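>>> Sequence and predicted structure below; questions after.
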Amino acid sequence: MIVEMRRGATQEQVDAVIERARSYGFDVQLNRGTDKIVIAILGSDTGSVPTDVFEVLPGVFTVTRIMRPYKLASSEFRDTPTEIQIGDVTVGGPRIVIMAGPCSIESWEQLSSTAQHAVSAGARIVRGGAYKPRSSPFSFQGLGEEGVAMMRRVRDELGVPVVSEVTDAHQVEHAAQELDILQVGARNMQNYTLLRAIGQTTKPCILKRGLSATITEWLQAADYVLAAGTSQVILCERGIRTFEDSTRFTLDVSSVPVVKRNSHLPVIVDPSHAAGHFELVPALARAAIAAGADGLLIEVHPDPPNALSDGIQSLTFSDFARLMGELEMIATAIGRSL
Ligand code: PEP
Ligand code: MN
């Protein structure tokens, strides 16, 4: 951290900054310019201390971070990319992983037909929501444990890993027994109790970016999961809220290379929730692969007009199969495969 003192700051004020830095066990380097004093605060763990503790001191003008405020998710913590093994699927390796399925699990017929079509078109992980975080309490809330049991059945019958969202820490223990990956939804990115509970299981986690979260806050949330003991976090960009209202959310494609630069964790993209409309999903999916995403999470439904949630952004079986062909070409163009 770099602390820039105000012009005319007193020696006593400078000493107070130095004393506070030392109280955290940090080293201090004092630079006296012609009219300003700049204090460099050095240590491997300065990222864990908020800048406020220096900013509040009298005579301090600005405090600038050098270390990133996240640690375990940082590329400084681990300089090789993390690969996450789920059955025989690797997320974060050269092969791009497509995950697909309905927004909500509505019935066994709906889930199993979607899963079969998705897998036969090339999806290697099946998604499906059992606990649905809906904006209105009067909207369909999901089948809960019954839905989780159906996901388990998909896994057993098709032999593919399955992912579903957990919305509350109480659901984690049971869901971890039945599912291969636990998803944290955008609305829960900062639900720290939930993040800790998931980190204590042995299951990988897909951590969605919050609706209004910066990439730094997202990586700090990943730190919560990692700090609880697991090393298996997959980040998922799903669009953020901006002033633009032509799409449901603005897909921040640039977060993919930024995460790749700042973190060792794999990053996937959910083009469905960003687009908010099925006609826009393929373009966002293609852009995500071109930008270097390790995978995609796509909503597919047998009968989108009659879906109980997110029908408008869900792909039909044939649209999904066509998209898979396009993604294959893009993957090849950038030296990867599906
Ligand atoms: C979902 O994946 O169905 C979902 C609710 O996504 P998000 O948390 O990104 O809104
Ligand atoms: Mn959805």
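In hand now; what should we look at? Ligands and ions are numbered 1, 2, ... in the order given.

>>> Only C-alpha atoms from now on, for both contacts and neighbour counts.
OK.

>>> biggest helix in this structure, by residue count?
Using DSSP state H to define each element, the chain has its longest helix at helix 317-333.

>>> which parts of that one are buried?
By neighbour count with 16 or more other Cα atoms under 10 Å, helix 317-333 contains the buried residues 317, 320, 321, 323, 324, 327, 328, 330, 331.

>>> Looks like the fourth one contacts residue 281 (just checking).
Looking back up the chat, that one is residue 323. No: Residue 323 is beyond contact range of residue 281, at 9.2 Å (criterion: Cα atoms under 8 Å).

>>> Residue 31 versus residue 283, what's the distance?
Going from residue 283 to residue 31 by Cα to Cα, to the nearest Å gives 52 Å.

>>> Please disregard the earlier target; I meant residue 56.
Applying Cα to Cα to residue 56 and residue 31 gives a distance of 20 Å.

>>> Could I get the pLDDT score of the closest residue to ligand 1 within the stretch 51-200 of the chain?
Closest to ligand 1 within the stretch 51-200 of the chain is residue 185: 3.3 Å, counting by Cα to the nearest ligand atom. pLDDT recorded at residue 185 is 98.

>>> Around it, how many other residues sit close by?
Look at residue 185: counted by other Cα atoms under 10 Å, it has 23 neighbours.

>>> I figured it was touching residue 167, is that so?
Yes: the pair residue 185 / residue 167 is scored as a contact, 7.4 Å apart, by Cα under 8 Å.

>>> anything in contact with each of the two?
residue 133 (Cα atoms under 8 Å, 6 or more residues apart in numbering).

>>> Near ligand 1, which residues of the stretch 1-150 of the chain are found?
Within reach of ligand 1 by Cα under 6 Å from any ligand atom, the stretch 1-150 of the chain has these residues: residue 103.

>>> Mind jotting down where the helices sit in the stretch 1-150 of the chain?
11-23, 52-55, 108-121, 145-158 (DSSP state H, counting those that start in this stretch).

>>> Over to the stretch 201-338 of the chain?
Going by DSSP H, counting those that start in this stretch, the stretch 201-338 of the chain shows helices at 215-227, 255-262, 271-275, 281-291, 317-333.
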